[in-house]
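Colleague: Fold the following for me, if possible:
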Amino acid sequence: MALQIDENLVRSIVSEVVRNIRSGATASAPAAAPSAPAIVSSSGPAYGVFQDVPTAAAAAQKGYEQLRAKGVAARKQVVDIIKKLAIANADAWGKFEFEETKIGRLEHKIGKLHLVPLVPGVEWLRPYALSGDHGLMHEEYTPFGVVAAILPVTHSVPTLSGNIINAVAAGNSILFNPHPGGARSAALAIRAYNQAVQAATGIENLICTIEKPTLESFDAICKSPLVNLLVVTGGPGVVNAAMKSGKRAICAGPGNPPVLVDDTVCPEKAAKDIIHGCGFDNNLLCIGEKQVFVLDKVANALIRGLEKAGAVRLLPAQVEKLAREVFTMKPDAGGCSHPVLNRELVGKNANVLAARAGLNLPEATPILIGETDADHPFVMEEQMMPMLPIVRVKSFEEGVALAKKSEHGYKHSSIIHSLNVDRMTEMGRAMDTTLFVKNGPSTTGLGLDGEGYLSYSIATTTGEGITNPQTFTRTRRCVLVDALKIY
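Modeller: Here you go, the predicted structure:
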C-alpha cells in the first residue's frame, strides 16, 4: 500500500510540473543560486569531490564496500535521499546549472529535477526463480562494484541524479567524469548528496566526481582497475572511446528524431505537441523533435497550428541566413564539404537564433519553424536548438523513407501523429528506434505526462534502452540440486 501511495504522489507532482512547463510558469520563484562550492579542502572531508582519478576510484571502492555491508535497506535509504534532495534543491541547483552552462531554459532545468522521483529504485530488481524435478534455480541481479559515468553538459545534475539512483539501487558506488562545462554543478550536487548519505547511513564517498574533468581523466577512468562498468551519455566521440576501452560500456549516443504528420489527425493538436517536445529546454533533449515531415495536403494547416501555438515562421531567405550562422561547411577527408555545427548556438533561446536571421522576437518565443528540402542541414544534422525544419511530402511512404534517412540509423527516437494504426505500425517497424511516440510530445516517452519510468540516459548505441537499476547489474545464477522442490 505504501508503494502505491508514493507512486500516486509522484505522478501528481509530475503532472503539476508538466503543466507548469507547458504554461511557461514555475511553481515558485527560483531561489538564489548557491555559491560555487569550496570543492576540495585539505582539512575537511571531500564529500566525493576529488582532484585525481586514482584517489576518487579508491574512495568509490570503499564506498561500494560500505554499501555492500549495509545491504538493500541502505540502498533504498540512499535512493530516497537522492529523490528528496533533488526536489528540495531543484530551484537553486537548476539556477546554478543554468548560470554555469548558459544553455536551455531555467524553468525546464528546474522541472527536470522535480521529475527525478520517476526514476525507479530497488523495487525494480526482482529475482527470477525456477523449480522442477531436479531442484531449484535462482537468478539474482548483483552489482558490478564501482560504476563510472560520463555526463553531458546538456543535463548535468538531472542525468547525474538519475544515474546515482540506478547505480546505487543496483548496489554499486559511482564515479563521475562530468562535462567540463557542467562540472561545478555536478560537484555542488554530489557534495550535498554525500553529506546527507553519510549523516543517514555512515557511508562515505558513495558518489564521487573529478573536480576538473578532462579527456585525460576520462582516459584514466577507462584504464582504472577499480572501475568495472562505464555509462556514457554524450556524443559519438566519447561513445566510441568508451566502447574501445575494453570495459563493458552502456552508451547513450546521438539522435536526430524525426516527426511524421499525416492527414488523419487534428493539425492544431499535433502542432501543440510538437512545440512542447521541440521547445522543452530549447530542444536539448536527445529525444526532442528535430525535423517534421508532413503530408502536403495538411502542411498549411499544421503550419497555421504551429504559428497559433506560438511558433514563429521564418521566410526562406531567413532560414538560409540562420543556416549560415548555425553551420559552417568544411571539407572532409574525401574532399566533399559537410556541415559543422556552431556549438555557440546550441540550446540558445529562439529569439537569440532569430536575431541571427535578422528578426527581433520576444524572449518567450518557444521555437522557430521554416520550410526546407529534405537534405537541408537543419534536417540532417542534430542541432539541439529550437529551430524546427518542416518538409512537405507527397505520400506517407515518402515521409517514412525520408524520416528514416534523416535519423541516420541511430535507432534513437521517432514520433508520428496519425490515427491510422496500419501507418503507426509501418513507421514503427521501418524506423526501428528505441523510443517510438504516437500522438504526443516526445517527452511522454520518458514518462512526462505519459506512462513509463524516467531516465535521462537512453542506451541506444549499446541497446539497453532507457536505463534502469537492472541495467547496472550482473546476472548471477545459484542452483540447488534435487532439493527444495516442495510439491
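
Colleague: Could you use CA atoms for every contact and neighbour count after this?
Modeller: Noted.

Colleague: By residue count, tell me the biggest helix in the protein.
Modeller: In the chain, with assignment by DSSP state H, the single longest helix is helix 53-88.

Colleague: After that one, which helix or strand is next?
Modeller: Note on helix 53-88: by DSSP states H and E, the next helix or strand toward the C-terminus is helix 90-101.

Colleague: name the helices or strands packed onto that next one?
Modeller: In terms of contacts (3 or more Cα pairs under 8 Å, 6 or more residues apart in numbering; DSSP states H and E), helix 90-101 is packed against helix 106-114, helix 156-169, helix 183-201.

Colleague: Let me know the angle separating that helix from helix 183-201.
Modeller: For helix 90-101 against helix 183-201, the angle between stretch directions is 150 degrees (axes from the mean of the first three to the mean of the last three Cα atoms, to 10 degrees).

Colleague: element containing Lys297?
Modeller: Per DSSP H and E, Lys297 falls inside helix 296-308.

Colleague: hang on, the earlier thing: export the helices and strands packed on helix 90-101 to TSV and tack on distance to Glu268, mean pLDDT and mean neighbour count?
Modeller: Shown next, in TSV, are the helices and strands packed on helix 90-101 (distance: least, Cα to Cα, whole Å; pLDDT from 0 to 100; neighbours: other Cα atoms under 10 Å):
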stretch	distance to Glu268	mean pLDDT	mean neighbour count
helix 106-114	23	94	25
helix 156-169	31	96	28
helix 183-201	39	97	21
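
Colleague: between these, which gets nearest to Lys404?
Modeller: helix 156-169 (27.8 Å; Cα to Cα).

Colleague: Next, the buried residues of the following helix or strand past the closest one.
Modeller: Scanning forward in sequence from helix 156-169 by DSSP H and E, the next helix or strand is strand 173-177. Using 16 or more other Cα atoms under 10 Å as the test for burial, strand 173-177 gives Ser173, Ile174, Leu175, Phe176, Asn177.

Colleague: Okay, now the sheet partners of strand 173-177, with direction.
Modeller: Paired with strand 173-177 in the same sheet, following DSSP bridges, are strand 146-150 (parallel), strand 207-210 (parallel).

Colleague: Just the CA atoms of the shortest one, as PDB, please.
Modeller: Think strand 207-210. C-alpha atoms of strand 207-210 as PDB (Å, rounded to 0.1, in the frame of the first residue of the first chain):
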ATOM      1  CA  ILE A 207      29.200   9.100  -5.100                       C
ATOM      2  CA  CYS A 208      32.500  10.600  -6.400                       C
ATOM      3  CA  THR A 209      33.500  13.100  -9.100                       C
ATOM      4  CA  ILE A 210      36.600  14.600 -10.600                       C
END
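
Colleague: Show me where the stretch 351-487 of the chain has its strands.
Modeller: For the stretch 351-487 of the chain, strands defined by DSSP state E, counting those that start in this stretch occupy the ranges 368-371, 387-393, 413-417, 435-438, 458-459, 465-466, 473-481.

Colleague: list the helices and strands the first one packs on?
Modeller: Meaning strand 368-371. Where contact means 3+ Cα pairs under 8 Å, 6+ apart, strand 368-371 is packed against strand 312-313, helix 316-326, strand 387-393.

Colleague: Kindly present these as CSV, with separate columns for mean neighbour count and distance to Val78.
Modeller: Formatted as CSV, those follow (neighbours: other Cα atoms under 10 Å; distance: least, Cα to Cα, whole Å):
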stretch, mean neighbour count, distance to Val78
strand 312-313, 20, 45
helix 316-326, 17, 43
strand 387-393, 24, 40
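
Colleague: Columns mean pLDDT and distance to Gly440 on top of the ones you listed, output as TSV?
Modeller: Conversion of these to TSV gives the following (pLDDT from 0 to 100; distance: least, Cα to Cα, whole Å):
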stretch	mean pLDDT	distance to Gly440
strand 312-313	98	21
helix 316-326	96	27
strand 387-393	98	17
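
Colleague: Nearest to Asn439 among the helices and strands packed on helix 90-101 would be which one?
Modeller: Asn439 sits nearest to helix 106-114 of all those, at 22.1 Å, using Cα to Cα.

Colleague: Which SSE is immediately downstream of the closest one?
Modeller: The helix or strand immediately downstream of helix 106-114 is strand 128-132, counting by DSSP H and E.

Colleague: Let's see that next one as PDB, backbone CA atoms only.
Modeller: Extracted in PDB, the C-alpha atoms of strand 128-132 (Å, rounded to 0.1, in the frame of the first residue of the first chain):
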ATOM      1  CA  TYR A 128      14.000 -14.900 -11.200                       C
ATOM      2  CA  ALA A 129      13.500 -18.500 -10.000                       C
ATOM      3  CA  LEU A 130      12.500 -21.900 -11.400                       C
ATOM      4  CA  SER A 131      11.700 -25.100  -9.600                       C
ATOM      5  CA  GLY A 132      11.500 -28.500 -11.200                       C
END
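
Colleague: could you give me the average pLDDT of whichever helix or strand comes after that strand?
Modeller: Counting by DSSP H and E, the next helix or strand C-terminal to strand 128-132 is strand 135-143. Averaging pLDDT along strand 135-143 gives 96.

Colleague: ok now strand 135-143, how far from the chain's centre?
Modeller: Strand 135-143 sits 31 Å away from the centroid of its parent chain (Cα atoms, centre = their mean, to the nearest Å).
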